[in-house]
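Colleague: next input, structure requested:
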Amino acid sequence: MPRPRQRPLPTVDELHRRFTYEPDTGIIRAKWREETDRYTVAFNRRYANKPAGGLMNQGYCWIRVGEQCLLGHRIAWALHFGEWPDGEIDHRDGDKTNNALTNLRIATRGQNIISRKLRGESRFKGVSRSGKKWRTYIRVGGRAVYLGTFEREEEAAEAYLRAALEVHGDFAFVPRGRVRGTVIISMAA
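Modeller: Predicted coordinates:
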């Protein structure tokens, strides 16, 4: 069960006073402030109209709002839709810094975990070494389901990908780049 928040979230109006959001790029920028005191002039010189926040150790964008540091993808959602997201937000492409609106979607905790790439000795999710062969499992309803043992790592990855798309649909983790091309091309053949 999630911990209750210590401080209330800023209102969406407060976010709109402080930031602009570009849905196509996912960039959140600090707005120009109208006051003329020394602090505000220095703020405008250094931060106004520039991308807000920074990167956390986990790879997510964070943005300071008052005394709180909030996740950039949650702020992007609130700025665009006019309300804080109800639940978790998943990055479709797995890139935690890509806060473009087309890359964000509401997800349950389980769906968010499913779409995440796991780290291990294989280049593919769900695949591990078994001696000189490769075996693959998929999690369904909290249980590991054995999909088989294969001679080649790519064959095991194809079996996992087929099962993941069938079981998890849009939330299935699909490898990207050259690796993805190998899997998808050989699946189509």
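Colleague: hmm, L104 is touching E88, no?
Modeller: No: counting by Cβ atoms under 8 Å, L104 does not reach E88; the two are 10.6 Å apart. No exception for glycine: its C-beta is placed from N, CA and C like everyone else's.
Colleague: apart from its neighbours in sequence, what residue is nearest E83?
Modeller: Of all residues not flanking E83 in the chain, V12 sits nearest, at 6.4 Å (Cβ to Cβ, 6 or more residues apart in numbering).
Colleague: what is the burial count for A164?
Modeller: 23 (other Cβ atoms under 10 Å).
Colleague: err, A107, not the other one
Modeller: Neighbours around A107, by other Cβ under 10 Å: 20.
Colleague: shaky segments in the protein?
Modeller: 1-5, 114-120, 173-189 (pLDDT under 70).
Colleague: so where do the strands sit in it?
Modeller: 19-22, 27-30, 54-55, 61-65, 68-71, 88-91, 104-107, 127-130, 133-140, 143-150 (DSSP state E).
Colleague: quick check: neighbours of the first one in the sheet, parallel or antiparallel?
Modeller: Looking at strand 19-22 with DSSP bridges, its partner strands are strand 27-30 (antiparallel).
Colleague: what residues of the strand it pairs with count as buried?
Modeller: Buried residues in strand 27-30, counting neighbours by 16 or more other Cβ atoms under 10 Å, are found at 27-30.
Colleague: same deal with stretch 52-62?
Modeller: Result for stretch 52-62 [16+ other Cβ under 10 Å]: buried residues 52-53, 60-62.
Colleague: nearest spatial neighbour of K96, skipping sequence neighbours?
Modeller: G59 (4.2 Å).
Colleague: and what of V127?
Modeller: A156 (4.4 Å).
Colleague: residues touching the one you found, list them.
Modeller: 122, 124, 126-127, 134-136, 147-150 (Cβ atoms under 8 Å, 6 or more residues apart in numbering).
Colleague: which of those residues sits closest to D93?
Modeller: F124 (16.7 Å; Cβ to Cβ).
Colleague: could you count how many residues lie near the closest one?
Modeller: That count, for F124 with other Cβ under 10 Å as the rule, works out to 24.
Colleague: show the contacting residues for the spatially most central residue of the chain.
Modeller: In the chain, the centroid-proximal residue (Cα atoms, centre = their mean) is H91; its distance is 3.0 Å. Applying Cβ under 8 Å, 6+ apart to H91 gives the contacts 73, 98-99, 103-104.
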